[in-house]
Structures are given as C-alpha cells and as structure tokens.
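*Asks:* only geometry, no sequence info:
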Ligand SMILES: Nc1ncnc2c1ncn2[C@@H]1O[C@H](COP(=O)(O)OP(=O)(O)O)[C@@H](O)[C@H]1O
Ligand SMILES: [Mg+2]
C-alpha cells in the first residue's frame with residue numbers, strides 16, 4: 001500500500017514546499033505603508049515590470065507593460081517557458097517585480113494589504129483539489145454565509161445542474177477523496193464554481209483546462225465565458241482555440257510581449273500568434 005501511495009506522497013511534499021515558499025515569502029510580510037483597498041474593481045496595470053528568479057542568470061520577464069480595465073479578459077499565450085505563469089504569479093502577489101510596478105485599482109501592489117486583495121481574487125489551477133465531503137462542502141468551504149440557493153446558482157453557471165439533478169442527494173452527495181466519482185471536466189467545473197461563489201473581481205486560470213479533452217473543455221469554456229463578463233480574467237490555455245473569446249490576447253516570447261490584440265486582429269496580422277496557431281493545427 002505504501003508503495004502505491006508513494007507518488008501521491010511525493011506530490012504532496014511538492015505542494016508543501018510551494019506553500020512553504022509562499023508563507024516564507026518576505027514580500028508578503030514586509031508591506032510598509034498599507035493603503036486600504038476596499039472593494040476591488042479589478043483594474044490591473046503592469047508598468048515596465050522586470051522579473052528574475054534568484055537562481056536564473058537572465059530576466060524571466062522584461063519590460064512587461066499592460067493596462068487591463070476592470071472586466072476585461074486577457075489571454076496569455078506563448079510557448080512553454082515564455083513567462084505566462086510568472087505574469088500570473090506576479091499578479092497574485094506570490095512574487096514581487098525586480099523593477100517596475102504593478103498597480104491594482106491604481107494602488108501599487110507593494111502598498112496593498114495582500115490578504116485583503118487575495119480575498120477578492122480567485123485562482124483556478126490546473127489540477128483541482130477536491131476533498132472527501134459533499135459537493136456543497138467542496139464548493140463553499142471556508143465561507144460562512146452560504147445558502148443552498150447561492151450554491152445552486154454557481155452550479156447553474158458552470159453547467160453542472162443536470163448532473164446534480166440526477167444525483168439522489170444532489171449537492172449533498174458525498175465525493176470521495178479527489179472527487180473520484182467525477183470526470184475531469186466535472187471536477188474542473190466544481191473548481192470554477194468554487195471560484196465563482198466567492199464573487200471575485202479578478203480571476204486567474206493557469207492552464208486550467210489543459211488536462212481535459214476538447215468536449216469537456218468546451219463545457220468549461222462556456223461556464224467561464226459567463227463569469228468573464230463580471231470580472232477581470234487572466235487566462236492561460238494550452239489550446240489556442242480556448243482563448244478565442246478573450247478581449248485581448250497577449251502573445252509572449254522569452255519573457256517579452258510580442259503582440260497584443262483580439263483573436264481576429266492577430267490572425268489577420270499573420271504574426272507570432274498566427275504562427276503559434278498554425279503550429280498547433
Ligand atoms: N521557481 C523558478 N525558479 C527558477 N526559474 C523558474 C521558476 N519558475 C519558472 N522558471 C523559469 O522561468 C521561465 C518562465 O517560466 P513560466 O513563467 O513558468 O513560463 P510558462 O508559464 O510560459 O511556461 C522558464 O524559463 C522557467 O524555466
Ligand atoms: Mg505556465
């Protein structure tokens with residue numbers, strides 16, 4: 001049994017390590033002159049941001065500048081290693097820029113109460129972690145005043161109501177560890193419901209749909225397009241067809257922005273994005 005669960009243990013240790021990195025991150029603690037954020041609107045501005053990992057000899061991001069309006073959806077594309085996740089980690093406040101600044105609703109992130117900020121954003125990761133408990137628990141954990149109606153609303157938003165209706169216990173159905181009764185697409189939609197119920201003003205998807213087949217991905221995409229209307233969205237997706245509906249696509253190469261524009265604009269331009277797209281099909 002131990003041998004069989006070894007891969008899970010080592011994965012768990014990896015997570016413990018990354019959580020440790022975050023908890024031990026001095027940036028989180030050393031905020032000096034904190035400006036109250038209040039209710040987040042969702043404006044994000046990167047101004048000449050450079051970033052370098054301590055053990056790397058060159059910049060991972062160079063002169064990254066992008067002005068995002070509240071409610072806008074931005075897709076980051078580029079080959080593996082281009083710096084997409086790094087941009088998202090800066091946005092979430094996991095890592096600070098080496099130079100340049102990031103403004104959230106006009107407030108420099110170094111002056112932000114990071115906890116207050118993080119409470120108003122949501123991240124949908126690539127591998128959703130579901131725990132043993134009911135579907136309701138899995139969606140609403142940590143929230144104090146959640147009604148059945150709130151939960152049903154987000155379930156509808158992510159298109160899981162048909163599935164829930166078929167279950168004898170509905171949202172009170174027990175899920176096993178890792179949500180074993182659910183398909184990958186269903187798990188991912190639970191994860192999105194979990195994000196939605198928190199009514200975030202900024203939502204971040206880092207390859208959240210890469211592990212899904214195209215049919216499940218399409219369902220997840222429909223679910224996300226609903227909420228993209230109400231909050232600022234940052235999206236990294238492996239399949240370039242997924243990001244078709246983003247307001248703007250930011251094509252990155254070697255930590256630099258190469259092109260910015262809508263899907264149609266960039267396809268018409270026949271530049272770097274067009275090339276990436278051609279490679280994929
Ligand atoms: N924790 C880290 N330490 C050192 N280098 C890293 C770390 N994370 C990512 N990198 C490097 O930074 C570059 C950009 O990575 P990343 O932002 O993850 O790219 P993407 O998400 O576009 O694949 C890559 O060259 C990667 O190897
Ligand atoms: Mg990445």
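*Replies:* Everything's here; your move. Keep in mind it's a predicted model, so treat the numbers as computed, not measured. Numbers count the residues shown, from 1 in each chain. Ligands and ions are numbered 1, 2, ... in the order given.
*Asks:* What sits closest to whichever residue of the stretch 1-150 of the chain sits closest to ligand 2 if chain neighbours are left out?
*Replies:* Across the stretch 1-150 of the chain, no residue is closer to ligand 2 than residue 85, which sits at 3.2 Å (CB to the ion). Every C-beta, even on glycine, is put in place using the N, C-alpha and C of the backbone. Nearest non-adjacent residue to residue 85, counting by CB to CB, 6 or more residues apart in numbering: residue 206, 5.7 Å away.
*Asks:* Tell me if I'm right that the one you found and residue 236 touch.
*Replies:* Yes - contact criterion CB atoms under 8 Å: residue 206 and residue 236 qualify, at 5.0 Å.
*Asks:* Between these two, which is the more surrounded one?
*Replies:* Using other CB atoms under 10 Å, the more surrounded residue of residue 206 and residue 236 is residue 236, with 25 against 20.
*Asks:* what touches both of residue 206 and residue 236?
*Replies:* The contact sets of residue 206 and residue 236 overlap at 84, 85, 88 (CB atoms under 8 Å, 6 or more residues apart in numbering).
*Asks:* and ligand 1, which of those contact it?
*Replies:* 84, 85 (CB under 6 Å from any ligand atom).
*Asks:* Tell me the residues of this protein that contact ligand 2?
*Replies:* 84, 85 (CB under 5 Å from the ion).
*Asks:* is the helix of greatest length in the chain up against ligand 1 anywhere?
*Replies:* The residue-count maximum for a helix in the chain (DSSP state H) belongs to helix 2-23. No - Helix 2-23 is not in contact with ligand 1 by CB under 6 Å from any ligand atom; minimum separation 8.2 Å.
*Asks:* Let me see the mean pLDDT of that helix.
*Replies:* Average pLDDT, helix 2-23: 75.
*Asks:* What is the distance between it and the centre of its chain?
*Replies:* Helix 2-23 sits 21 Å away from the centroid of its parent chain (CA atoms, centre = their mean, to the nearest Å).
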